[in-house]
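Asker: got a predicted structure here, sequence first:
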Amino acid sequence: MRSSSVLDSGSASMALFAPYYTDLGVVTKAARGGVMGKAVNCECGELVQASTDDEVIEKVQAHVNTKHPDLIGKLTRSDILAMAEEV
């Protein structure tokens, strides 16, 4: 049985991607002395990572185009950036 989610409220495009967390929490590259980046964890299990806002938007759109064609054109730039976590 599937638990209630954002999908149930009609926001399918936003529910597809969820914040990326590990059992230890989010460990940022900045905390390790590296370059900050962005990550979007798709509900399908794919992790999309990039170093800039523009790059994460491009990569998420490419992922949607190949894996989730029913969502093509439904995610705005703002939607994608709202789903992205800094890593």
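Answerer: Everything's here; your move. These numbers come from a predicted model, not from an experiment. Numbering: from 1, shown residues only.
Asker: for the rest of this, base every contact and every neighbour count on C-alpha atoms.
Answerer: OK.
Asker: which positions within stretch 47-63 qualify as buried?
Answerer: Neighbour-count burial for stretch 47-63, counted by 16 or more other C-alpha atoms under 10 Å, picks out 48-50, 53, 56-57, 59-61, 63.
Asker: give me the contact list for that stretch.
Answerer: Outside stretch 47-63, the residues that touch it by C-alpha atoms under 8 Å, 6 or more residues apart in numbering are 20, 35-42, 72, 77, 80-81, 84.
Asker: coming back round to it: same list (the buried residues of stretch 47-63) but as CSV, adding pLDDT.
Answerer: Below are the buried residues of stretch 47-63 laid out as CSV (pLDDT from 0 to 100):
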residue, pLDDT
48, 94
49, 94
50, 94
53, 94
56, 95
57, 95
59, 95
60, 96
61, 96
63, 96
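Asker: among those, name the ones in helices.
Answerer: The helices, defined by DSSP state H, take in 53, 56-57, 59-61, 63 from those.
Asker: residue 62 and residue 75, how far apart?
Answerer: Separation of residue 62 from residue 75 (C-alpha to C-alpha, to the nearest Å) stands at 12 Å.
Asker: ugh, wrong one, residue 60
Answerer: For residue 60, the distance to residue 75 - C-alpha to C-alpha - is 9 Å.
Asker: in what helix or strand does residue 80 lie?
Answerer: Taking DSSP states H and E as the definition, residue 80 sits inside helix 77-83.
Asker: just the CA coordinates for that helix, please, in CSV.
Answerer: C-alpha atoms of helix 77-83 as CSV (Å, rounded to 0.1, in the frame of the first residue of the first chain):
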residue,chain,number,x,y,z
ARG,A,77,12.7,26.6,-14.0
SER,A,78,11.4,27.7,-10.6
ASP,A,79,10.0,24.2,-9.9
ILE,A,80,13.3,22.6,-10.6
LEU,A,81,15.3,25.0,-8.5
ALA,A,82,12.8,24.6,-5.6
MET,A,83,13.4,20.8,-5.7
